[in-house]
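Asks: quick one, structure for this:
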Amino acid sequence: NLLSDTYYASSTDGGTTWSKNVKLSDQPSNRHYGQWANYSDMRNDINMVSNNYAAYVVWDDSRNASPSKDVMDTYFGSVQQSAVPASTGTTVLYVVIAVAGGLVLAALILVVFGVVLRSRRAAPKPPVGTTAS
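Replies: Residues are numbered from 1 along each chain as shown. The predicted structure is shown next:
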């Protein structure tokens, strides 16, 4: 039997205890077909990234393969581990300050550029046919 499903479990105490398995795949991958058929190899990694709120998992899957269609697809699943905290007024304030600061900085750069450009235009130019010394 080369049918396989993808599951997720987590630990918050260094692996002493584990959460219940959560099935991520909605149907089994048939390893009789696809890139790793005929018992040759099934070592592709399951990749995952997580934070305190969710885990995101990617795996290879040959559910769409057949004897005449040697395909391997990539599937994605996620598990929410805890509620994402609501944005606070402080967070909004930080965003507003960052945007305002960026706008002020951009305005200052434009003013300095304008002053430099204007001073270059106002500098006296030597008469035509003479060289400046």
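Asks: from now on I want contacts and neighbour counts done on CA atoms only, so please keep to that.
Replies: Fine.
Asks: just the strands from this structure, written as ranges.
Replies: Using DSSP state E, the strands of the chain run over residues 3-4, 7-8, 22-23, 29-30, 47-50, 54-61, 73-80.
Asks: now that we have the ones you listed, can you turn them into CSV and tack on mean pLDDT?
Replies: CSV is the format used below for the strands of the chain (pLDDT from 0 to 100):
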stretch, mean pLDDT
strand 3-4, 84
strand 7-8, 92
strand 22-23, 94
strand 29-30, 82
strand 47-50, 86
strand 54-61, 87
strand 73-80, 87
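Asks: and those strands: which comes nearest T16?
Replies: Proximity to T16 (C-alpha to C-alpha) singles out strand 7-8 among these, at 16.1 Å.
Asks: describe which strands the closest one pairs with in its sheet and in which direction.
Replies: Strand 7-8 has its sheet partners listed here by DSSP bridges as strand 22-23 (antiparallel).
Asks: gap between the strand it pairs with and the chain center?
Replies: 23 Å (C-alpha atoms, centre = their mean, to the nearest Å).
Asks: contacts for it, please.
Replies: D5, T6, Y7, Y8, A9 (C-alpha atoms under 8 Å, 6 or more residues apart in numbering).
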